[in-house]
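>>> build me a model from this:
(chains A, B and C)
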Amino acid sequence: MSEKPGQNFINERRVFKYMRVNDHIILGKDERKEMVEIKVNDKTIQAKKGEMIIAALIANGIKVNRYTVKKKEPRGIFCGIGQCTDCIMTVNGKPNVRTCVTPVEDGMIIDTQYGVGRKE
Amino acid sequence: MALRKTGYLTKEELMNLNLYPSEKRFKKGPVAIIECIEEIPCNPCEVACKFKAIKIGKPITNIPILDESLCIGCGLCIAKCPGLAIFTIDKTYSDEEGLISFPYEYLPLPITDSIVEAVNREGKVVSSGKVIKVLNIKSFDRTPVVTIAIPKEKLDEVRGIKRLKSKDSK
Amino acid sequence: MIKKEVVVIGGGPSGLSAAVEAAKKGAEVLVVDENLRAGGQLFKQIHKFFGSSAHQAGVRGIDIASELLEEARECGVEVWLNSAVVGLFKEKKVTIKKTLADNSEKLEIIQAKKIVIAAGASENAVRFKGWTLPGVIGAGAAQTMINVNRVLPGKRILMIGSGNVGLIVSYQLLQAGAEVVGVVEAAPQIGGYGVHAAKIRRAGIPIYTSHTILEAKGVKGVEEAVICEVNDKWQPIKGTEKVFKVDTITIAAGLKPLIELAMMHDCKCSFIPQLGGWVPLHDENMESTNPGIYLVGDVTGVEEANTALEEGRLAGTAIAEALKYISLEDAGKLKKEIWHRLNELRMGPFGEARMLAKNNILTACKI
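Residues are numbered from 1 along each chain as shown, chains lettered A, B, ... in the order given. Next comes the predicted model:
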């Protein structure tokens, strides 16, 4: 499989099944059934309605959110609660959106952010 | 203290601190063992025991002391301990085997009558065991208590089972 | 400009309990929180809390959160969610950036009579080669992912740090279905409670004391972690490297109070490592060196949820007293009880350093 820069492709289909915590001794079963569709780097993926963008990405094996300005290094989530901005991506054309504190919406378009995300 | 380095206690340490039931008491039936030796402000176990067999008092950093003459080994305290540090042992179950009950907060839960791998405090498998009971009642607030039967001589060592793999995992 | 009697910045356990105490006595209280849901870190804490049974020991953090939110609702506490406090100006002007339902933003300025800063703390980073790779995350972030977002950040995890956060999150990662290959601790002994360590040892997780993380290796994300032993001068010992195949490295290296808002309003701060770094000073009423500005919870020093709840109650009571909703006498009685509980929670070898540090703060505040 050829990989374009920024495209995160996971070969194993199996990984999707257990990246979500569907049942848990304390949290119980995940009762959220309603799904929405979002586009990540032109690929359509399923997300649970109302969940944070980062959760949908991780559940679909996507761990790289952006590449840095100078060294073009991959970055992903670090603090998880909106403090560090390592998880930012371009959402519906708007750059620097913190994916860990932003919920998904049906039809959302999410792109890996390159650098500071200047609009083309 | 070795606990600070290794992260687990030994029976000898517990005995040296007078925190292990006597063999005389073990011969009478099931009894609780509270493997909690650090001074932490915490006392739900004291309140949990209907027979007032667990004493902490004031200050609540006192190490819990079990009165083995009052304890009947009912195991209600097991699920109440936030540190998951309480067990019950029954050395009178049969000639060869004894029972140990321990908190088990994982999925999948073991199934009654299944054979499991029993682990010691270090997580090493030291015996196989048979699941006698799995209790996950509302008052335990999602801390299921599992009881397994193992060879008697392993009762001072075994404190749990090797976690079971879910059917989803690789 | 909107006027509110009491504005509480941060809807975590300390902020909410301050709001509840003040509102119960009759004050008009607004809680402002930048998240979609109030509750702070409580909604990640799926384990049963320690402490006194008389005060919710044995109850899971998530349940304490639900009860607290319900209580706040019943007391008539107003809550603004999706609202970030972006500035605190003299005198007691709170500037808030509200994100509305259509994702547009609106700036509001509130003139408050009393302010409670309950901004909490944020996780520290440990820098090592490769630490910026995707897959290196805070232990708190891992906890948020598994317990709130219900996704596994990875399948094979190395935990850095054996304090209570490192030990508890390791346990919770197992509960969520991940494999934890080990806990790495630079000090020669385990940092957290023995019972927490015992739980994960029983589960077969090794704890490597006197070890540190050297490097995270990988191309687009973590693929391997290299740890090694350290000597008594905390320096790596050559030849002791151990390599683990992992996809995630979680860092539990402490938290630091988020004191920016306190500093903006000129609250005096002091550097106290035992409490997480720079902390704003407060007196026995949790009032800062700036009259009318109160501080509660982790922002005043990183401790636990239990102490956060009590500090919140203390400030809420003191505010009700200052606003004359309760008498000096009644306030005095309530505050005495709360201080008794706070001191109880700080007893023992694990609380010693914090107890001393907090006493130093009270003394320093008088100067």
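>>> and the most far-flung residue of chain C relative to its centre, what pLDDT?
Of all residues in chain C, C:Gly239 has its C-alpha farthest from the mean position, at 37.9 Å, by C-alpha atoms, centre = their mean. Note on C:Gly239: pLDDT of 96.
>>> assign it to helix, strand or coil.
coil (DSSP: H, G, I helix; E, B strand; the rest coil).
>>> report the contact partners of it.
Residues near C:Gly239 by C-beta atoms under 8 Å, 6 or more residues apart in numbering or on different chains: none. C-beta: built from backbone N, CA, C; applies to glycine.
>>> helix, strand or coil for the closest residue in space to C:Phe350 that isn't next to it in sequence?
Of all residues not flanking C:Phe350 in the chain, B:Ile40 sits nearest, at 6.2 Å (C-beta to C-beta, 6 or more residues apart in numbering or on different chains). Classification of B:Ile40 using three-state DSSP returns coil.
>>> ok, B:Ile40 touching B:Ile63?
No - using C-beta atoms under 8 Å, B:Ile40 is not in contact with B:Ile63; the gap is 9.1 Å.
>>> these two: which is more packed in?
Counted by other C-beta atoms under 10 Å in any protein chain shown, B:Ile40 and B:Ile63 do not tie: B:Ile40 has more neighbours, with 24 against 14.
>>> got a list of what C:Lys44 touches?
By C-beta under 8 Å, 6+ apart, C:Lys44 lies in contact with C:Gly61, C:Gly140, C:Gln143, C:Thr144, C:Asn147, C:Val148.
>>> my bad, C:Cys75
Contacts here follow C-beta under 8 Å, 6+ apart; on that basis C:Cys75 touches C:Ala19, C:Val20, C:Ala23, C:Lys24, C:Val29.
>>> quick one: which of the residues you listed sit in helices?
Counting by DSSP state H, the part of these found in helices is C:Ala19, C:Val20, C:Ala23, C:Lys24.
>>> now render those as a markdown table, adding distance to C:Ile117.
Compiled in a markdown table, the ones in helices among the contacts of C:Cys75 are given as follows (distance: C-beta to C-beta, whole Å):
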| residue | distance to C:Ile117 |
| --- | --- |
| C:Ala19 | 13 |
| C:Val20 | 17 |
| C:Ala23 | 18 |
| C:Lys24 | 21 |
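>>> so which of the contacts of C:Lys44 is the closest to chain A?
Of all the contacts of C:Lys44, chain A sits closest to C:Thr144, with 4.3 Å by C-beta to the nearest C-beta.
>>> what are the ranges of the helices in the stretch 1-150 of chain C?
Under the criterion DSSP state H, counting those that start in this stretch, helices of the stretch 1-150 of chain C are mapped to C:13-24, C:61-74, C:139-147.
>>> next, see if the first one gets close to chain A.
What that stands for is helix C:13-24. No - figure legend: helix C:13-24 not in contact with chain A (C-beta under 8 Å from any C-beta of the partner chain); closest approach 15.2 Å.
>>> how far off centre is stretch A:96-112?
Centroid separation for stretch A:96-112 versus its chain: 7 Å, with C-alpha atoms, centre = their mean, to the nearest Å.
>>> pull out the buried residues from that stretch.
Across stretch A:96-112, burial judged by 16 or more other C-beta atoms under 10 Å in any protein chain shown covers A:Val97, A:Arg98, A:Thr99, A:Cys100, A:Val101, A:Thr102, A:Pro103, A:Val104, A:Met108, A:Ile110, A:Asp111, A:Thr112.
>>> closest one of these to B:Pro151?
Of all these, B:Pro151 sits closest to A:Cys100, with 49.9 Å by C-beta to C-beta.
>>> still on that earlier bit, closest one to chain B among the helices of the stretch 1-150 of chain C?
Nearest of the helices of the stretch 1-150 of chain C to chain B, taken as C-beta to the nearest C-beta: helix C:61-74 at 8.2 Å.
>>> could you list every helix and strand that that closest one packs against?
Helix C:61-74 sits against helix C:13-24, helix C:305-322, with contacts defined as 3 or more C-beta pairs under 8 Å, 6 or more residues apart in numbering or on different chains; DSSP states H and E.
>>> what packs against the first one?
Looking back up the chat, that one is helix C:13-24. So helix C:13-24, by 3+ C-beta pairs under 8 Å, 6+ apart, packs with strand C:2-9, strand C:29-32, helix C:61-74, strand C:105-117, helix C:305-322.
>>> which among the buried residues of stretch A:96-112 gets closest to A:Ile25?
Closest to A:Ile25 out of the buried residues of stretch A:96-112 is A:Cys100 (25.3 Å), distances taken as C-beta to C-beta.
>>> does that closest one really touch A:Thr85, like I thought?
No - counting by C-beta under 8 Å, A:Cys100 stays clear of A:Thr85, with 9.4 Å between them.
>>> winner for burial among the helices of the stretch 1-150 of chain C?
Mean neighbour counts were compared across the helices of the stretch 1-150 of chain C using mean count of other C-beta atoms under 10 Å in any protein chain shown; the top stretch is helix C:13-24, at a mean of 30.
>>> about what we covered before: and B:Gly7, which of the helices and strands packed on helix C:61-74 is closest to it?
The closest of the helices and strands packed on helix C:61-74 to B:Gly7 is helix C:305-322. By C-beta to C-beta, the value is 23.5 Å.
>>> contact partners for the one residue sitting closest to the centre of chain B?
Nearest to the mean C-alpha position of chain B, by C-alpha atoms, centre = their mean, lies B:Phe87 at 1.6 Å. B:Phe87 makes contact with B:Ala32, B:Ile33, B:Glu35, B:Ile78, B:Ile100, B:Ser101, B:Phe102, B:Arg159, according to C-beta under 8 Å, 6+ apart.
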